[in-house]
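[1] Below is the sequence, then the predicted model.
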Amino acid sequence: MTTRLQQVLVILALTAGTPALSSTYELPPEGIDVIGEVTTVIAGHEDTFVDVARRHGFGYEDLVRANPTVNPWVPGDGTEIVLPGRFVLPSGPREGLVLNIAEYRLYYFPKPAAGEPGVVMTFPVSIGRQDWATPIGITRVVQKNVNPPWYPPQSVRDEHEADGRPLPRVVPPGPDNPLGSRAMRLGLPGYLIHGTNRPAGVGMQVTHGCVRMFPEDIEFLFDLVALNTTVRIVNEPVKIGWDGEQLVLEAHPVLASAPGETRDVPVPDADAPAPTEVAEPVEVLAPGKDPLTYATEQFIVATAERAGELNWSLVEAAIARSDGLPVVVGEGIKNAATSAAFE
């Protein structure tokens, strides 16, 4: 283990309220895209997937997808539960924050110290439900707030009013505040990465567009992420990357509707009001692409500088499962001048 990674793990172990050590990995060299490993745990008598997921740094849907034959609410004492802790890194630059909404997962690539290898941290998150979709695009962190009040936008207040659950104009910090103890405002108008007073919902598609994290995760990440850190939000239900000479695919269900893409707004004044959870619902586009289209796009990206070939029967089988467990679906082509994607 390298010095840098040892230092990170020691800090994690000594800091109260930090995420599980399994969420921090040494960053692999360029050309290698797979981190972590799949493990298992044994459920206790009173365990649910919500309990096991939070204890080990996963979201609810992570465990549901990886354990399709297990009852998520009553796994049963002694039941083996798969922890899907092996990941194909999202495509694109390994820097700042990268949110893959189809995966319900956030990746953080802190800038490494000079001469030291980098690390990557990964966290389960909740995203916007279908009618309040979390948008994709490139933005940045423009404001950080500790114990923020919540100013519900009119659209959210109207929704609550219609459900017979009226909201005040301002929800002060405390146990009834859905933003939790920390909030990082993004350049996208009205969107945040924040904590929650309902941690059981982490790893689900349940928010009004913002990104929710476990309280201990957002408190840990909040102290690491600087203002103006890049935040890249992508929609990659199928990821393909290299693990040595093998091409590995990780598949998740395609979101029911493809999210819209939006742009940054100017940085707010220092004395601007505390952020709201969301401004207005983003316009949702038509249903997303076929998963094989996502796979083809990812294959082209993965083989842009290194030739490879896929076994499409294995690709189709992995997509049919969409269990979030990376599997080998191809290999490199030695002495090939071009990728099979262009043949």
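    Perfect, I can see it now. Everything numeric in this text was worked out from a predicted model, so none of it was measured.
[2] Can you pull the poorly scored residue ranges out of the stretch 51-200 of the chain?
    Across the stretch 51-200 of the chain, the ranges flagged by pLDDT under 70 are 129-133, 152-168.
[3] What segments of it are strands?
    With DSSP state E, counting those that start in this stretch as the definition, the stretch 51-200 of the chain shows strands at residue ranges 80-83, 86-88, 96-100, 105-109, 119-124, 127-128, 137-146, 182-186, 192-194.
[4] and the angle from the fifth one to strand 105-109?
    Comparing the axes of strand 119-124 and strand 105-109 via axes from the mean of the first three to the mean of the last three CA atoms, to 10 degrees yields an angle of 160 degrees.
[5] list the helices and strands strand 119-124 packs on?
    Contacts defined by 3 or more CB pairs under 8 Å, 6 or more residues apart in numbering; DSSP states H and E place strand 119-124 against helix 3-14, strand 24-26, strand 105-109, helix 215-224. For every residue, glycine as well, the C-beta is placed using N, CA and C.
[6] what does the third one give?
    Contacting strand 96-100 under the criterion 3+ CB pairs under 8 Å, 6+ apart are the following elements: strand 105-109, strand 230-234.
[7] now the fourth one
    Contact here means 3+ CB pairs under 8 Å, 6+ apart; on that basis strand 105-109 packs against strand 96-100, strand 119-124.
[8] How many neighbouring residues does residue 103 have?
    27 (other CB atoms under 10 Å).
[9] got the contact list for the closest residue to it other than its chain neighbours?
    Closest residue in space to residue 103, ignoring its immediate chain neighbours: residue 252 at 5.3 Å, by CB to CB, 6 or more residues apart in numbering. If a contact means CB atoms under 8 Å, 6 or more residues apart in numbering, then residue 252 has 65, 102-103, 237-238, 322, 324 as its contacts.
[10] swap the cut-off to 6 Å and go again
    102-103, 237, 322, 324 (CB atoms under 6 Å, 6 or more residues apart in numbering).
[11] again, but for residue 96
    Shown in contact with residue 96 (CB under 6 Å, 6+ apart): 229-230.
[12] how about the nearest residue to residue 200, chain neighbours excluded?
    Leaving out its chain neighbours, the residue that sits closest to residue 200 by CB to CB, 6+ apart is residue 50, at 4.9 Å.
[13] And for whichever strand or helix holds that neighbour, what's in contact with it?
    Under the criterion of DSSP states H and E, residue 50 resides in helix 49-56. Applying CB under 6 Å, 6+ apart, the contact partners of helix 49-56 are 20, 59-60, 63, 72, 81, 83, 200.
[14] at 8 Å what do you get?
    Under CB under 8 Å, 6+ apart, the answer for helix 49-56 is 20, 22, 41, 43, 58-60, 62-64, 67, 70, 72-73, 75, 81, 83, 85, 124, 199-200, 202-203, 214.
[15] Those residues, buried ones only, as a ChimeraX selection?
    To isolate the buried subset of the contacts of helix 49-56 in ChimeraX, counting by 16 or more other CB atoms under 10 Å, use the following:
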select :20,43,58,59,60,62,63,64,67,70,72,75,81,83,85,124,199,202,203,214
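[16] Filter the contacts of helix 49-56 down to just the ones in helices.
    Within those, residues falling in helices by DSSP state H are 60, 62-64.
[17] As a markdown table, those residues with distance to residue 54 would be great.
    Output for those, formatted as a markdown table (distance: CB to CB, whole Å):
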| residue | distance to residue 54 |
| --- | --- |
| 60 | 9 |
| 62 | 11 |
| 63 | 10 |
| 64 | 14 |
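[18] Residue 301: which of the residues you listed is nearest?
    Nearest to residue 301, judged by CB to CB, of these is residue 62 at 24.0 Å.
[19] Who are the contact partners of the closest one?
    By CB under 8 Å, 6+ apart, the contact list for residue 62 reads 53, 84, 104, 124, 203, 324.
[20] ok, now residue 212?
    125-126, 180, 194-196, 201-202, 206.
[21] Distance to residue 96 for the residues you listed - can I get that in JSON lines?
    Putting these into JSON lines (distance: CB to CB, whole Å) gives the following:
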{"residue": "125", "distance to residue 96": "15"}
{"residue": "126", "distance to residue 96": "20"}
{"residue": "180", "distance to residue 96": "22"}
{"residue": "194", "distance to residue 96": "18"}
{"residue": "195", "distance to residue 96": "20"}
{"residue": "196", "distance to residue 96": "22"}
{"residue": "201", "distance to residue 96": "25"}
{"residue": "202", "distance to residue 96": "21"}
{"residue": "206", "distance to residue 96": "25"}
